[in-house]
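K.L.:
When you get a sec, could you give me coordinates for this:
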Amino acid sequence: MPNFEGRLQCASLEPSYVTIEVSDERLRIVAGRRHMGSWPLSGVSVQRTSVYGFSFEIDNDHLEFFPEDPAEFSDAVGAVVDLTETKGRFGLKARIQDAAGT
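P.N.:
Purely as a prediction, here's the structure:
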């Protein structure tokens, strides 16, 4: 079961260091010893917003997560950006924006 550590922030929460567990088609968030919640992965929409960051909606809350290992987290939640196109080294931002639909 993959665990991803990183910084989580939202409007109703001070930025905090959390562990997000992705297993059994569920996403669970734990801050220290405090269990913040568990949701079906199919009900969580995860978007990659930058090379290092992700945004997602859970129960009408908009959260931003900056994992220590963005590539592995992206694979685990299915928020993959196609980096195979060769537009040069500075095309990454445009590809992320295209994938996010912005």
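K.L.:
Which positions are bridged to the residue positioned nearest the centre of the chain in the beta structure?
P.N.:
The centroid of the chain falls nearest to F54 when counting by CA atoms, centre = their mean (3.8 Å). Using DSSP bridges, the bridge partners assigned to F54 are R48, F65.
K.L.:
In this structure it contacts S45, no?
P.N.:
No. Using CB atoms under 8 Å as the test, F54 is too far from S45 to be in contact (10.5 Å). C-beta here means a position set from N, CA and C on the backbone, and glycine is covered the same way.
K.L.:
which non-adjacent residue is nearest H62?
P.N.:
With CB to CB, 6 or more residues apart in numbering as the criterion, H62 has its nearest non-adjacent residue at 6.1 Å, and that residue is C10.
K.L.:
hey, C-alpha coordinates of whichever strand or helix holds P15 in PDB?
P.N.:
P15 is part of strand 13-23 when elements are defined by DSSP states H and E. These are the backbone C-alpha positions of strand 13-23, laid out as PDB (Å, rounded to 0.1, in the frame of the first residue of the first chain):
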ATOM      1  CA  LEU A  13      -7.000  24.200   7.100                       C
ATOM      2  CA  GLU A  14      -3.600  25.500   8.000                       C
ATOM      3  CA  PRO A  15      -0.900  24.000   5.800                       C
ATOM      4  CA  SER A  16       0.100  20.700   7.400                       C
ATOM      5  CA  TYR A  17       2.400  17.800   6.800                       C
ATOM      6  CA  VAL A  18       0.300  14.700   6.100                       C
ATOM      7  CA  THR A  19       0.500  11.100   4.800                       C
ATOM      8  CA  ILE A  20      -1.900  10.100   2.000                       C
ATOM      9  CA  GLU A  21      -2.400   6.400   1.700                       C
ATOM     10  CA  VAL A  22      -3.700   5.100  -1.700                       C
ATOM     11  CA  SER A  23      -4.900   1.400  -1.500                       C
END
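K.L.:
any idea how far the following helix or strand past that strand is from the chain center?
P.N.:
Where DSSP H and E defines the elements, the next helix or strand beyond strand 13-23 is strand 26-31. From the chain centre to the centre of strand 26-31 is a distance of 12 Å (CA atoms, centre = their mean, to the nearest Å).
K.L.:
Perfect, that will be all.
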